[in-house]
Each structure stands twice: as C-alpha cells, then as structure tokens.
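Novice: What follows is a predicted protein model with its sequence.
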Amino acid sequence: MTNLVPDFYDEICRLFDEEALPSLSQFIRIKNLSPAFDPGHDSVPNTHAALEHVSAWAADHCPDGTVITTLDAINNSPMLVIDIPGTVDGTVLCYGHLDKHPSAAVWSHGLSGYEPILRDDKLYGRGSVDGGFAPHCYITAIATLSKLDIARPRCVLFLETTQKSASIYLPRYLPELAAIAGDPDMIVFLESICADYDRIWHLTGYRGVVEGQLSVDVSSKPAHSGAAGMAPSALGIAFTLLDRVADLTTGSMTLPGLAVKKPAHLTSGGLDTDAIAGRYFLNAAGIDHDIAGISDTPAAAASRPVWDAGLAVADIDGLSSGDIVGGILPPRISIKIGIRVPPTCDSVEAAHIIEGQLVENPPYDATVDFTPSNILPSWHAERLPDWLAQSLDAASRDYFGNPAVSWAIGGAYPAIEIIAQQFEDVPIFATGLMGPKANFKETDESLDLAAAHKMTASIGRILADFAQAAL
C-alpha cells in the first residue's frame with residue numbers, strides 16, 4: 001500500500017473546503033431536473049447550465065492536459081466527460097450524474113432545496129450528496145495527488161444526466177465513452193448508500209425489479225352494490241391472485257422460483273454491521289415502532305429487504321368514488337405492482353414465473369392479464385482484485401477508523417448493470433455517502449462534510465494504490 005505524505009489528508013480537507021464546497025454550493029442553486037420529472041423539457045437549459053458549471057470548475061482545478069468534452073447525442077440529456085491524464089499506465093472510469101430529483105415544496109425551517117445552507121457540519125440542498133458530491137470528490141482527490149506529486153492513473157469522469165430517470169439514455173453514450181476511454185482497468189461508482197459514516201460501505205449487489213399491471217375483468221358493465229355476494233368481485237379476485245405469489249400482510253414473495261441461497265450475513269462485518277444495516281433499513285422504511293420478528297432483531301431484519309423477494313402495490317385503477325352511497329362493483333380492476341427479486345435472481349425468468357402464477361386458472365372464469373411494464377436486472381459483483389480490496393480497507397481504517405464493509409442492498413442502480421454490460425470483467429468499486437439523514441430524494445437533503453473529507457481522501461488513497469500496483 002502507498003505511504004502517503006503526512007499532509008495528504010490536511011490538503012484534501014483544505015482543497016475541498018476552499019475550492020470544492022463553494023462550487024458544490026453553486027451547483028445546488030441550479031434547478032436541473034432529471035427528464036422523468038420534466039415532461040415539458042423546461043429544465044433542459046438548467047441541465048446545460050449544470051454541465052457548464054462543473055466543466056468550468058474542472059477546467060480550473062484539473063491537472064494540465066485534461067480534456068473536457070460534452071457528448072450531446074441527445075441534446076436534452078448530454079453527458080460530460082472529463083479525461084484527466086495520469087502519471088502511470090492504466091485507466092480508471094469514474095461515474096457520476098448531474099441530474100436531480102425535484103425539490104419538495106417545504107423543507108425544515110431555514111432550509112431550501114435550491115439555496116445551499118451550511119449547518120452542523122452539513123451542506124443542505126438538492127444535489128448536495130446525490131449528484132453534486134461525486135465530481136467534486138474525484139477532482140479534489142486527483143488535484144491533491146497532482147499537487148503533492150503522488151503517482152496516479154489516468155481518470156476519465158463520465159457524468160450523465162438521466163440517473164434519476166433510470167439512466168434511460170446512458171446506453172446511448174457508452175460506445176462513444178468507450179472510444180474515448182479505451183479499455184479501463186477499474187470503474188468507481190460514487191453514488192451508493194451507506195448505513196453509517198464510520199466506515200466505507202462497498203456495494204456488492206442489489207435487487208432486480210419486475211413491474212407490471214395485473215388486470216382482472218369480471219363483467220361487461222358496473223353493477224350496483226346490491227349485487228354484492230352474487231357478482232364476482234374484481235378486486236377480491238385480484239388480491240386472491242396476488243395471494244398466490246406473496247404474503248400480502250408482509251409483502252414477502254412466496255414463490256419457490258424466486259428464492260435464492262442467502263449468505264450467512266448481509267455484511268462482511270458479521271452481526272455488528274448487520275445490525276447497523278438493519279437499523280438503517282428500518283429507519284428508511286419509516287418503521288419507528290417494535291414489530292415482533294423484525295424491528296426487535298435488526299441484524300436478522302437486514303437481509304429481508306435484500307435477499308428475499310418482495311411485493312409492493314403501487315396503484316389500483318378502476319374503483320368507484322367513495323362518495324357514492326353503497327358503492328359500485330367495478331367490472332374491471334387494474335393493479336400496478338412492483339416486485340423486487342434478490343441480487344442473484346434472474347429478473348426476466350422471475351417475470352415469467354410471476355405471470356404464470358397470476359394468470360393460470362383464475363376464479364370465476366375472470367379474464368386476467370399480467371403485462372410487465374419494466375424489468376430491471378439484479379446485479380451481483382464479482383470479487384474485487386486483492387490490491388483493491390486491501391486498498392479500500394486500508395483507506396477505511398485510516399480515514400474512517402473502521403474496516404471497510406461489503407454489502408448488498410434492496411434498491412437498484414440501473415446504471416451499474418448498464419456499465420457492467422458495456423465493460424465486461426472490469427472491477428466496479430461502488431460506494432457513496434447517502435447514509436442516515438442524508439435525505440436524498442426527500443426534503444432536507446444533506447452532505448455530511450466530515451464524511452465527505454474522509455471519502456475524498458479514501459478515493460485519493462485508492463488511486464495512489466492503483467498507481468503503485470501498476471508500477
């Protein structure tokens with residue numbers, strides 16, 4: 001491992017606070033919504049403004065020889081590529097995104113989605129941790145290595161603008177990115193969650209998604225509620241069908257074909273970090289009271305939203321207004337469902353299994369259809385190279401004070417699977433600072449600045465170790 005100069009961490013903190021933080025604060029002020037939240041394309045000028053802002057800051061802070069390119073195959077959703085030369089052989093791809101979720105109307109007193117606020121060693125504002133941090137972290141780490149004459153690899157930052165829209169346009173840009181980057185040796189993905197700020201949480205997998213519409217037709221027209229007990233209930237049949245595949249009280253899927261072999265622990269740290277992960281998941285789910293068998297054993301609860309398949313009902317269409325006295329029996333019900341499948345489960349095969357169970361032999365000869373509307377693959381990483389595993393663990397111990405932990409999570413990052421398909425067999429180091437009270441996607445989004453210093457130093461350490469391994 002690299003023996004960094006004594007003032008490396010101090011220089012990281014200085015550069016981040018004096019140079020990156022003002023730029024990140026300005027980035028927060030830009031209202032650049034992801035395309036899924038901007039159907040009228042009103043935010044497109046702001047998307048370009050965000051790219052121009054980050055591009056200008058990078059030009060001022062990256063080492064000499066850096067080439068900055070805006071790829072605009074899709075004008076409304078461009079990609080920024082920052083190609084930073086190294087001092088040794090080898091290329092590291094560094095992923096990030098610049099698009100944002102909408103800002104909720106009401107934040108806590110004194111806070112605002114688009115006005116950066118420093119409070120209690122946190123930077124508040126939309127895009128502070130989710131989007132804005134990654135490019136500022138990468139460039140601060142690389143600029144510090146350059147200033148201190150520490151060997152480093154070539155780093156190619158690629159910053160997309162559709163991550164919050166399931167990275168819908170990312171595949172369009174990857175061939176052009178590959179032409180620029182060549183054959184990378186490693187990929188860094190700095191947009192993941194973490195269960196606390198006391199160590200590096202290395203992502204090794206996430207659940208896949210099967211979304212679709214379950215529709216049930218039972219009659220040719222609506223019936224008065226006086227026919228209840230004689231006319232079949234479309235809603236009742238729909239839930240009877242869902243009961244074939246899941247325990248509707250918990251959402252746990254019961255289909256054997258969706259079950260996989262579970263690891264003994266969710267995290268590589270065993271029971272202690274399993275419990276930390278479990279508490280994080282419980283808090284994220286808003287479970288603030290005791291539930292026997294779940295919240296009373298956080299370590300056991302940790303694997304449930306990751307290695308078990310789960311069902312969520314997102315919407316029910318076809319119900320009559322509650323203002324109608326006595327109600328109406330609807331002739332047709334359509335239920336939008338989302339099913340998460342474990343990291344090692346094939347999402348496409350899971351969709352076939354689910355469809356077969358839902359539509360076969362429906363009660364009362366109802367007409368039933370299940371149409372998948374979205375299938376996202378699950379992802380499970382290969383083992384990291386030994387030098388990288390040792391490097392991130394050393395960085396975690398040096399800067400966070402605890403060993404690094406690997407884990408899988410229940411949410412999905414489509415960008416990772418898309419990138420993995422383009423750059424096969426290239427190791428992906430995925431981590432991030434979207435941890436407790438970071439509130440990404442919600443009100444009061446914030447970046448923990450102490451953790452930001454530690455993560456930025458860790459990225460610099462890993463890049464330096466890459467260079468040493470390459471020599």
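Specialist: That came in fine, so what should we check first?
Novice: Quick check: residue 48 touching residue 78?
Specialist: Yes: at 7.0 Å, residue 48 and residue 78 qualify as touching, with contact defined as Cβ atoms under 8 Å. Bear in mind the C-beta positions are built from the backbone N, C-alpha and C, glycine included.
Novice: show me the contacts for the residue nearest to the spatial centre of the chain.
Specialist: For the chain, the residue sitting closest to the mean C-alpha position, by Cα atoms, centre = their mean, is residue 413 at 4.2 Å. Shown in contact with residue 413 (Cβ atoms under 8 Å, 6 or more residues apart in numbering): 189, 191, 192, 203, 206, 379, 430.
Novice: Which element is encountered next along the chain beyond the helix or strand containing residue 389?
Specialist: Assigned by DSSP states H and E, residue 389 belongs to helix 386-395. With elements assigned by DSSP H and E, the helix or strand that comes after helix 386-395 is strand 405-409.
Novice: and the angle for that next one with helix 386-395?
Specialist: 100 degrees (axes from the mean of the first three to the mean of the last three Cα atoms, to 10 degrees).
Novice: Mind giving me the packing neighbours of strand 405-409?
Specialist: strand 201-206, helix 271-284, helix 304-307 (3 or more Cβ pairs under 8 Å, 6 or more residues apart in numbering; DSSP states H and E).
Novice: Show the average pLDDT along whichever helix or strand comes after that strand.
Specialist: Using DSSP H and E, the helix or strand that follows strand 405-409 towards the C-terminus is helix 414-422. Averaged across helix 414-422, the pLDDT comes to 95.
Novice: the inter-axis angle of helix 414-422 versus strand 201-206?
Specialist: Using the same axes, to 10 degrees: helix 414-422 against strand 201-206 is 70 degrees.
Novice: Return the list of helices and strands in contact with helix 414-422.
Specialist: Using 3+ Cβ pairs under 8 Å, 6+ apart: helix 414-422 touches strand 91-97, helix 170-181, strand 186-189, strand 379-380, strand 428-430.
Novice: Check which helices and strands the helix holding residue 389 sits against.
Specialist: So helix 386-395, by 3+ Cβ pairs under 8 Å, 6+ apart, packs with helix 449-470.
Novice: got the buried residues for the helix it packs on?
Specialist: By 16 or more other Cβ atoms under 10 Å, the buried positions in helix 449-470 come out as 449, 451-470.
Novice: cool, stretch 346-359 as well?
Specialist: 346, 347, 350, 351, 353, 354, 355, 357, 358.
Novice: can you check stretch 197-209 too?
Specialist: So stretch 197-209, judged by 16+ other Cβ under 10 Å, has buried residues 197-209.
Novice: Can you find the helix or strand in this structure with the smallest mean pLDDT?
Specialist: Taking mean pLDDT, DSSP states H and E as the measure, the chain has strand 223-224 as its least confident helix or strand, at a mean of 62.
Novice: Beyond that one, next helix or strand please.
Specialist: Strand 223-224 is succeeded, C-terminally, by helix 234-245 (DSSP H and E).
Novice: Just the C-alphas of that following helix, formatted as PDB.
Specialist: Output in PDB follows, covering the C-alpha atoms of helix 234-245 (Å, rounded to 0.1, in the frame of the first residue of the first chain):
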ATOM      1  CA  ALA A 234     -62.800  -8.000  -9.500                       C
ATOM      2  CA  LEU A 235     -60.800  -6.500  -6.600                       C
ATOM      3  CA  GLY A 236     -61.200  -9.600  -4.500                       C
ATOM      4  CA  ILE A 237     -60.100 -11.900  -7.400                       C
ATOM      5  CA  ALA A 238     -57.100  -9.600  -8.000                       C
ATOM      6  CA  PHE A 239     -56.000 -10.000  -4.400                       C
ATOM      7  CA  THR A 240     -56.700 -13.700  -4.400                       C
ATOM      8  CA  LEU A 241     -54.300 -14.000  -7.300                       C
ATOM      9  CA  LEU A 242     -51.700 -11.900  -5.600                       C
ATOM     10  CA  ASP A 243     -52.000 -14.100  -2.600                       C
ATOM     11  CA  ARG A 244     -50.800 -17.000  -4.800                       C
ATOM     12  CA  VAL A 245     -47.400 -15.300  -5.100                       C
END
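Novice: neighbours of the residue nearest to residue 458 when sequence neighbours are not counted, just the number please.
Specialist: Excluding its sequence neighbours, the residue lying closest to residue 458 (Cβ to Cβ, 6 or more residues apart in numbering) is residue 395, at 3.8 Å. Residue 395 has 23 neighbours, counted by other Cβ atoms under 10 Å.
Novice: surely residue 395 meets residue 456?
Specialist: No: using Cβ under 8 Å, residue 395 makes no contact with residue 456, being 10.6 Å away.
Novice: mind listing what residue 453 touches?
Specialist: So residue 453 contacts 9, 12, 13, 16, 399 (Cβ under 8 Å, 6+ apart).
Novice: Can you tell me how far it is from residue 136?
Specialist: To residue 136, residue 453 is 12 Å away according to Cβ to Cβ, to the nearest Å.
Novice: who touches both of the two?
Specialist: Joint contacts of residue 453 and residue 136 (Cβ under 8 Å, 6+ apart) are residue 16.
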